[in-house]
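Novice: Model the structure of this input:
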Amino acid sequence: MTVLHKIDLTDAATFPSRREEAWKYSDLRRYLREAPEPSPTTAIGPPGPFYDLGGEAIVFANGRAVGVTDFIASGDQTLRLRFISQATETGHTASARVVARPGARLLLLETHEGSGSAYVAHNRLDIDVAGGAEVTRIVLVDEPHDAISLTEIDVRVAPGGVYRQTTMTGGAKLQRQETRLMHGGEGAEVQIDGLYALSGERHTDLTSVVRHHGLNGVTSQLTKGVVRDTARGVFQGKIVVERGADGTDARMGHHALILGERAEVDAKPELEIYADDVQCAHGNTIGNLDESALFYMQSRGIPADEARALLTQAFLFEVVDRIAHEGAREVVRSWLTARL
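Specialist: Prediction:
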């Protein structure tokens, strides 16, 4: 499948605005009207949060590759993919490609590590999962409050392939993780999960489109978020069951807590079904913490702030607990706990 990446940081005419339906809630042109100056070279700095889990590494520093940009997995392997941004009021783009051959078991540990101020990062990632291959992608996005960060992921899962993805974001001035997945059906299994924890004026956008093209494909999607202060969380999830993709089993859920009077969550779950004999469902809830649970915990001597933190943590950890790899799951738990 050939994918055209529309956004080009060197050409402001390619920056989408809210007039485009897919960017209705994340108006890039509002914040970026001109092409940014190219980011300078920078050092890699300390190792990333997944360093202790080992494996090989692909590293980009301000868009420049430090070594190879492609990775082919053929066995049981771990790859740490690091997008490092250390820039101020400049922009950079990085592209990588990952291929999992038949029989491969790949743990892909991806981090977006930002420092500096008001930079623009645009990252692209292509992933091919062959039949009989299994890819688990865990993503931590940790960037300054005034950064603009855009990531486009194109995934192709062949019949019999397994792809699992969990994305954790802390937001930025404008932050978007967009996943576009082609589902081959016939034994292929896909799990696309997401989590966002936002405060201040931060904005994050988790957008995904999963297209089922083959028979009997399975997709499970769970996204949860918490927003405070004047932060804004966006979830746009679409599952398309094409003609001929009979027997598809696709489930999508998005659930968010709003913990500030001026915080905002925009959710747009969608199903498009053109096949017969399918099992598809989606759900969406947005609310506040359970007051009765808060009262119960306080009646047991737990201070109000601590009770809120514990309930918030339990709410979000449902997504974390779906990460099968124990080591990655514990890194994510620590990362999230530090932010709550």
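Novice: Now do the contacts for the residue nearest to Val129 when sequence neighbours are not counted.
Specialist: Distances taken as Cβ to Cβ, 6 or more residues apart in numbering put Gly161 closest to Val129, at 4.0 Å, once the chain neighbours are dropped. Quick note: C-beta positions are derived from backbone N, CA and C, even for glycine. The contact partners of Gly161, by Cβ atoms under 8 Å, 6 or more residues apart in numbering, come to Ala100, Val129, Ala130, Gly131, Gly132, Ala133, Glu134, Val135, Gly184, Ala188, Glu189.
Novice: can you rerun that using 6 Å?
Specialist: Listed by Cβ atoms under 6 Å, 6 or more residues apart in numbering, the contact partners of Gly161 are Val129, Gly131, Ala133, Ala188.
Novice: Which of these fall within strands?
Specialist: Counting by DSSP state E, the contacts of Gly161 place Val129 in strands.
Novice: will you turn the contacts of Gly161 into TSV that also has neighbour count and pLDDT?
Specialist: Shown next, in TSV, are these (neighbours: other Cβ atoms under 10 Å; pLDDT from 0 to 100):
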residue	neighbour count	pLDDT
Val129	28	98
Gly131	17	97
Ala133	23	98
Ala188	24	96
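Novice: Tell me the one of the contacts of Gly161 nearest Gln86?
Specialist: Val129 (31.9 Å; Cβ to Cβ).
Novice: Next one: that closest one from Val155, what distance?
Specialist: According to Cβ to Cβ, to the nearest Å, Val129 stands 7 Å off from Val155.
Novice: returning to what we had before: could the contacts of Gly161 go into a markdown table alongside distance to Gln221?
Specialist: Listed next are the contacts of Gly161 as a markdown table, based on distance: Cβ to Cβ, whole Å:
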| residue | distance to Gln221 |
| --- | --- |
| Val129 | 17 |
| Gly131 | 22 |
| Ala133 | 20 |
| Ala188 | 15 |
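Novice: Could you single out the nearest of the contacts of Gly161 to Leu340?
Specialist: Val129 (32.6 Å).
Novice: would you list every one of the helices in the stretch 151-300 of the chain?
Specialist: Under the criterion DSSP state H, counting those that start in this stretch, the stretch 151-300 of the chain contains helices at 291-299.
Novice: quick one: the strands in it?
Specialist: Under the criterion DSSP state E, counting those that start in this stretch, strands of the stretch 151-300 of the chain are mapped to 162-169, 174-183, 189-198, 203-212, 218-227, 232-241, 249-258, 264-273, 279-287.
Novice: Can you give me every residue that contacts the closest residue to Ala100 other than its chain neighbours?
Specialist: Nearest non-adjacent residue to Ala100, counting by Cβ to Cβ, 6+ apart: Ala133, 3.9 Å away. For Ala133, the contact set (Cβ under 6 Å, 6+ apart) comprises Ala100, Pro102, Ala104, Gly161.
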